[in-house]
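Q: Below is the sequence, then the predicted model.
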Amino acid sequence: MEANAVNGYLAAASWCEVTGYDGAASFFYAQAEEEHQHMLKFVHFLNGQGIAAVIPATKQPPKTFKSIELICKTALKNEQGVTKAINKMVDIAQKDKDHNTFTFLQFFVNEQIEEEQQFETILQKFNLLGRDKLAIYEIDKILAAMAVSPTPAN
């Protein structure tokens, strides 16, 4: 799921960049990098447990998008799916009394809260500011301000 998110955010960033949404492009490039770091956390955790990580194939992301708003709606839906998957893993770790995995997953539990809130906040901006050209310009500026590079994984 993290690998698919990387590619999805890269595709969104690329579309935004060629469409003239520089702020959104920066934001989605930063999101792609953050998801890449999350994927690496899983790889390093598994390898550290003596389990060779299997790197999955990824789905082909869309090539074009209709709007920044629809990208954010899709991103929120995808993040909600990741949250469900993380919660399911936490449930299994608790049931199996796998304290190492449970502790490891707490980072992702907290991260998913932030991810969902972030996209909900962005989507609220469309309701507050509108969807005309000036509103999209303002939202693009907001996304530029949100484009903070994540801290690399240890």
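A: Perfect, I can see it now.

Q: Report the secondary structure element holding the closest residue to residue 72 other than its chain neighbours.
A: Counting by C-beta to C-beta, 6 or more residues apart in numbering, residue 72 lies nearest to residue 122, which is 5.0 Å off, once chain neighbours are set aside. C-betas here are computed from N, CA, C, even on glycine. For residue 122, the host element (DSSP states H and E) is helix 99-129.

Q: May I see the buried residues of whichever helix or strand comes after that helix?
A: With elements assigned by DSSP H and E, the helix or strand that comes after helix 99-129 is helix 133-146. Residues 136, 138, 139, 140, 142, 143, 146 are the ones in helix 133-146 that count as buried (16 or more other C-beta atoms under 10 Å).

Q: Can you tell me which of those lies closest to residue 86?
A: Using C-beta to C-beta, residue 146 comes nearest to residue 86 of the buried residues of helix 133-146, at 22.4 Å.

Q: OK, contacts around the closest residue to that closest one other than its chain neighbours?
A: Leaving aside its sequence neighbours, residue 146 sits nearest to residue 27 (C-beta to C-beta, 6+ apart; 5.4 Å). Residues near residue 27 by C-beta atoms under 8 Å, 6 or more residues apart in numbering: 13, 143, 144, 146, 147.

Q: repeat for residue 142
A: 23, 122, 125 are the contacts of residue 142 under C-beta under 8 Å, 6+ apart.

Q: Distance-wise, check it relative to residue 118.
A: Separation of residue 142 from residue 118 (C-beta to C-beta, to the nearest Å): 11 Å.

Q: Need the three-state assignment for residue 54.
A: Three-state call for residue 54 (DSSP: H, G, I helix; E, B strand; the rest coil): coil.

Q: Tell me, how many residues neighbour it?
A: Residue crowding around residue 54 was assessed by other C-beta atoms under 10 Å; the count is 7.

Q: Please report the distance of it from residue 36.
A: For residue 54 relative to residue 36 (C-beta to C-beta), the value is 17 Å.

Q: follow-up on the earlier one: only whichever of the contacts of residue 142 are buried, select them in PyMOL.
A: In PyMOL, a selection of the buried entries from the contacts of residue 142 looks like this (16+ other C-beta under 10 Å):
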select buried, resi 23+122+125
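
Q: With respect to residue 44, which of the contacts of residue 142 is nearest?
A: Using C-beta to C-beta, these come closest to residue 44 at residue 122, 29.9 Å.
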